[in-house]
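Enquirer: model this:
(chains A and B)
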Amino acid sequence: MKIIATQQRVTAFLDGEIDHHTAAAIRLEIDEEIQRNKPKTLKLDFADVTFMDSSGVGLVMGRFRIIQPMGGKLIVSNLSPQIYKIMQLAGLEKIAKISKREDVSYGKNQ
Amino acid sequence: MEKINEIKMTLDSKSVNEGFARSTVAAFVSQLDPTLEEISDIKMAVSEAVTNCIVHAYPQSVGKIYICVTIFQDAKVKISIRDKGCGIIDVRQAMEPLFTTLGGERAGLGFAVMESFTDRIIVHSKPEKGTTVTMYKTINGRAGQ
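Expert: Take a look at the predicted model:
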C-alpha cells in the first residue's frame, strides 16, 4: 500500500486482498498518517484491490469514526462493481463519497 | 440430487488461512467454468463464513474449521462450513445486517454478505456445540452468459 500524506489530504492506495487478516496492518498504517497529519480529507483508493469482504467495510467505517470528530471528510474511490455492491449493502454512501472504477471493465482487476 | 464431485478440508482457525480457504473453494468450483463474478461471489461468501469461525466461534483459542464443498448435477454447489466453537444463542439476531457483538472494526455484515452473494443459506447453531453454515449456489457459468 502506498500512502501520500499532506495536512490537506491523506490518500491511501490500497492493494491486493482485504480481509480480516490483512485489514489489521492496513488499519495501523493509515491511522498513523491520520494522527500525524490530521488531514481535512482522507481518500481511500481501491483501484488495485483484487478482493474484499466485509472486513473492508469495517476498515472504512472505522476510519470514518476517527476522521469525523476531527472535522474531516472521507472519500472512497475506484471500487469494483463487487466491492461497490458490498459498500452499498452497508449504506456507506451515507458517510462517505463513494465512486466506482471508471473505464475499467469488470474482471480486469480480479 | 446426484453428487458429481466433493472436497473436504480441515483448517486451523487462524486468520492467515482465510485467503487459503476462499481460494481453494474457488479453485474447486472453477471446474464448472464460472464467470469472474460468480467466483468473486463464492470467495466473498466463504471468506465471511470462515472469518466468523475465527472471530466468533473460537474467540480465545484456535479450533478446527471443517469445510465441505459438493458439486451436484446441473452445476449446483453446496458449501458447508462448520465449527465446534461457542455457537450462536440467537441466530435470527446474528443474521440481521449491521448486528455485531464486537463493534469497532467489524461491520456486522457477514451473514448479509453470505445471503446476498449466494442463492440460499441455512444456519444451524447450538451454544457450546458449534455452528454449521450451509450455502447453495448454482453456477450458470460463462457458457450461460
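Enquirer: residue ranges of the strands in the chain, please?
Expert: Here I'm looking at chain A. Shown for chain A, the strands assigned by DSSP state E span residues A:2-5, A:9-18, A:41-52, A:73-79, A:97-100.
Enquirer: let's do chain B instead
Expert: Under the criterion DSSP E, chain B carries strands at the ranges B:3-12, B:64-72, B:76-83, B:120-126, B:130-138.
Enquirer: now residue B:99. Nearest residue, chain neighbours left out?
Expert: By the measure of Cβ to Cβ, 6 or more residues apart in numbering or on different chains, the closest residue to residue B:99 outside its immediate chain neighbours is residue B:108, 5.1 Å from it. Glycine gets a C-beta too; all of them are placed from N, C-alpha and C.
Enquirer: which residue packs closest to residue 51, ignoring adjacent ones?
Expert: Because you didn't say which chain, this covers chain A. Nearest one to residue A:51, counting by Cβ to Cβ, 6+ apart, is residue A:17 at 4.2 Å.
Enquirer: not what I meant, chain B
Expert: Per Cβ to Cβ, 6+ apart, closest to residue B:51 is residue A:20, 4.5 Å.
Enquirer: contacts only, for the one you found.
Expert: Residue A:20 sits next to A:53, A:55, B:15, B:18, B:51, B:54-55 when contact means Cβ atoms under 8 Å, 6 or more residues apart in numbering or on different chains.
Enquirer: picking that back up, export the strands of chain A to TSV and tack on mean pLDDT and mean neighbour count?
Expert: Written out in TSV, the entries for those read as follows (pLDDT from 0 to 100; neighbours: other Cβ atoms under 10 Å in any protein chain shown):
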stretch	mean pLDDT	mean neighbour count
strand A:2-5	96	13
strand A:9-18	97	19
strand A:41-52	97	20
strand A:73-79	97	20
strand A:97-100	94	16
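Enquirer: looking at those strands, which is nearest to residue A:59?
Expert: Distance to residue A:59, taken as Cβ to Cβ, is lowest for strand A:9-18 among the strands of chain A, at 6.7 Å.
Enquirer: the closest one: partners in the sheet, and parallel or antiparallel?
Expert: Strands adjacent to strand A:9-18 in the sheet, as given by DSSP bridges, are strand A:2-5 (antiparallel), strand A:41-52 (parallel).
Enquirer: just to revisit the earlier point, and the contacts of residue A:20, which is closest to residue B:61?
Expert: Taking Cβ to Cβ as the measure, residue B:61 lies nearest residue B:54 of those, at 10.7 Å.
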